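K.L.:
I would like the atomic coordinates for the input below:
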Amino acid sequence: MAVAVLSAGCDFAGIVPILVCMRIDADMAFAPPVEVCDFCTQAVLCKAYACHPFVYLKGTPMEHWSSGHWAACEACALLIDAGKWGALAERAARAFVREHRLPQSEVTLVRQQMNNLHTAFRQYMIPEA
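P.N.:
Okay, here's the model as predicted:
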């Protein structure tokens with residue numbers, strides 16, 4: 001038995017809406033979701049940042065719905081706390097390119113998209129008391 005799963009998204013340029021259909025066999029095992037760093041996707045978390053909910057739809061493939069907190073690994077937390085947003089965007093972009101097996105030539109574009117997303121995060125982040 002197979003189940004069809006539909007997913008809406010955008011092409012990489014973020015211009016043309018696309019619809020993806022996947023066939024999933026009933027006997028496929030699904031792993032439970034794993035909490036990962038919201039910045040670089042590393043699986044070891046260190047800190048959570050409170051953030052007002054927001055939707056980031058800046059025409060990129062990284063559409064993001066923020067649900068109230070962002071988790072960070074130790075390396076990303078150190079960059080955030082030090083205000084090193086450029087270094088954070090670089091770390092996140094390289095992780096994204098590596099995880100999605102994109103050509104290295106895409107790092108610059110992804111870094112800019114990460115900068116835009118992190119700017120939205122900073123705008124909605126709730127400062128620690």
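
K.L.:
Next, the contact list for M114, please.
P.N.:
Going by CB atoms under 8 Å, 6 or more residues apart in numbering, M114 touches M62, L88, A89, A92, A93, F96. All C-beta spots, glycine's among them, are computed from the backbone N, C-alpha and C.

K.L.:
try T41
P.N.:
A95, F96, E99.

K.L.:
Give the PyMOL command for selecting the buried subset of the contacts of M114.
P.N.:
Buried members of those, defined by 16 or more other CB atoms under 10 Å, are picked up in PyMOL with:
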select buried, resi 62+88+89+92+93+96
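
K.L.:
quick one: which of the contacts of M114 sit in helices?
P.N.:
Under the assignment DSSP state H, the contacts of M114 contribute L88, A89, A92, A93, F96 to helices.

K.L.:
Out of those residues, flag the one nearest to E35.
P.N.:
Among those, A92 lies closest to E35 (CB to CB), at 16.6 Å.

K.L.:
Pull the contacting residues for the closest one.
P.N.:
Contacts for A92 (CB under 8 Å, 6+ apart) come out as F39, C40, C76, M114, H118.

K.L.:
biggest helix in this protein, by residue count?
P.N.:
Scanning the chain for the helix with the most residues, using DSSP H, yields helix 107-124.

K.L.:
what is the mean pLDDT for it?
P.N.:
Averaging pLDDT along helix 107-124 yields 91.

K.L.:
same deal with stretch 39-58?
P.N.:
Rounded mean pLDDT across stretch 39-58 is 86.

K.L.:
who touches P103 in this structure?
P.N.:
Taking CB under 8 Å, 6+ apart as the test, what P103 contacts is V97.

K.L.:
Quick one, grab the pLDDT at it.
P.N.:
93.

K.L.:
which of the contacts of A92 count as buried?
P.N.:
For those, a neighbour count by 16+ other CB under 10 Å gives the buried set as F39, C40, C76, M114, H118.

K.L.:
Distance to A48 for the residues you listed - can I get that in a markdown table?
P.N.:
As requested, the buried ones among the contacts of A92 are exported to a markdown table (distance: CB to CB, whole Å):
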| residue | distance to A48 |
| --- | --- |
| F39 | 12 |
| C40 | 15 |
| C76 | 12 |
| M114 | 19 |
| H118 | 16 |
